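In: any chance you could fold what I've pasted below:
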Amino acid sequence: MSLLEVRNLKKHFPIKSGVLKRTTGHVYAVDDISFHVDQGETLGLVGESGCGKSTAGRSVLRLIAPTAMLVARDDIHPALAQLFAQAARSIHGDSGWFQRRGEFPNDRALEWPLAHEAERMLRSGTPWLQRYLPFWLANLVDRMWLVLLSIVAVLIPLSRVVPPIYEFRVRSRIFRWYGQLRRIEDEMIGGGDRAALERRVDELDARVERIAVPLSYADELYALRGYIQMVRGRLARDEGRSAR
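Out: Next up, the predicted model:
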């Protein structure tokens, strides 16, 4: 039975330099050591001065915090990686006796590539959308903003092009009948058969009655029907003069 078991213990100290005390490197005091102590056993750490014996002992006794990493598989969902980083900061990010606020997690002394979502969380904190929206919605919007920008970029020009096209298609349902009405008038002026012309006007009127247009274009439809009635009246007057 193991009284103590240590796996992959690490402790890295940052090297700070310059006026701003920026981290320029790390001292790997303890780097990936593992051991266990069973009941009735005694373990001794032997090595030259500065090899990390005391640091390992202090880390085991929690006198100093060991260097730790959160490792995930490459196929982990980005949203889960973001949640893990947020949970680590929420649990371990506060200050303590032996650590400053925000010391863990951080992007220093990494042996594995840092996930993009975790890097963004460490740099910017919790996304502001998640402060006001449910996680699933905030995550969806956060990931779809490029798509949304593309859609908006397409919709803005379409908002200027679509209305004229729609107006043209609706008005074309009405205006195409003016051509037939004009031909009837030309034949009427040329002395065409009045009875045949009246039948054509009646057929044209019956077709126009079946045209469906939005109410905003109803005035143009009724204007067309008014012109049809005007042509029918001219035919009736001409026929009356011929009868006399």
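In: ok, so what distance separates the residue most central in space within the chain from Phe135?
Out: Residue closest to the average C-alpha location in the chain (CA atoms, centre = their mean): Met144, at 1.4 Å. Distance of Met144 to Phe135, given as CB to CB, to the nearest Å: 15 Å. No exception for glycine: its C-beta is placed from N, CA and C like everyone else's.
In: cool, and Ser49?
Out: Distance from Ser49 to Phe135, by CB to CB: 51 Å.
In: any weak-confidence spans in the chain?
Out: 1-2, 61-70, 93, 95-100, 102-104, 106, 108-112, 238-244 (pLDDT under 70).
In: in it, which spans are helices?
Out: 53-60, 78-92, 116-124, 135-189, 194-209, 218-243 (DSSP state H).
In: tell me the domain boundaries of the chain?
Out: Under the assignment automatic domain parsing, the domains of the chain span 1-68, 159-243.
In: as CSV, those with distance to Arg131 and mean neighbour count would be great.
Out: CSV is the format used below for the domains of the chain (distance: least, CB to CB, whole Å; neighbours: other CB atoms under 10 Å):
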stretch, distance to Arg131, mean neighbour count
domain 1-68, 28, 13
domain 159-243, 32, 13
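In: Glu119 is nearest to which of the ones you listed?
Out: Glu119 lies closest to domain 1-68 among the domains of the chain, at 15.8 Å (CB to CB).
In: now the closest one, how far from the chain's geometric center?
Out: Offset of domain 1-68 from its chain centre (CA atoms, centre = their mean, to the nearest Å): 44 Å.
In: residue numbering should commence at 24 henceforth.
Out: Got it, first residue is 24 now, which makes that one domain 24-91.
In: what's the separation between the spatially closest residue to Ala161 that is not a sequence neighbour and Gly48?
Out: In space, and not counting its chain neighbours, Ala161 is closest to Leu152: 3.8 Å by CB to CB, 6 or more residues apart in numbering. Distance of Leu152 to Gly48, given as CB to CB: 36 Å.
In: ok, Leu227 next?
Out: On the measure of CB to CB, Leu227 and Gly48 end up 90 Å apart.
In: likewise for Val254?
Out: 95 Å.
In: Arg192 now?
Out: 69 Å.
In: ditto for Ile207
Out: 94 Å.
In: before we move on, what about Phe191?
Out: Distance from Phe191 to Gly48, by CB to CB: 69 Å.
In: go on, Glu190?
Out: Noted for Glu190: a distance of 69 Å to Gly48, by CB to CB.
In: what's the answer for Trp159, then?
Out: From Trp159 to Gly48 the distance is 41 Å (CB to CB).
In: surely Met144 and Leu106 touch.
Out: No. Counting by CB atoms under 8 Å, Met144 does not reach Leu106; the two are 9.2 Å apart.
In: so which of these two has more stuff around it?
Out: Met144 (21 against 16; other CB atoms under 10 Å).
In: list the contacts for the residue nearest to that one when sequence neighbours are not counted?
Out: Of all residues not flanking Met144 in the chain, Ala108 sits nearest, at 4.4 Å (CB to CB, 6+ apart). Applying CB atoms under 8 Å, 6 or more residues apart in numbering to Ala108 gives the contacts Leu93, Pro128, Ala138, Glu140, Ala141, Met144, Leu145.
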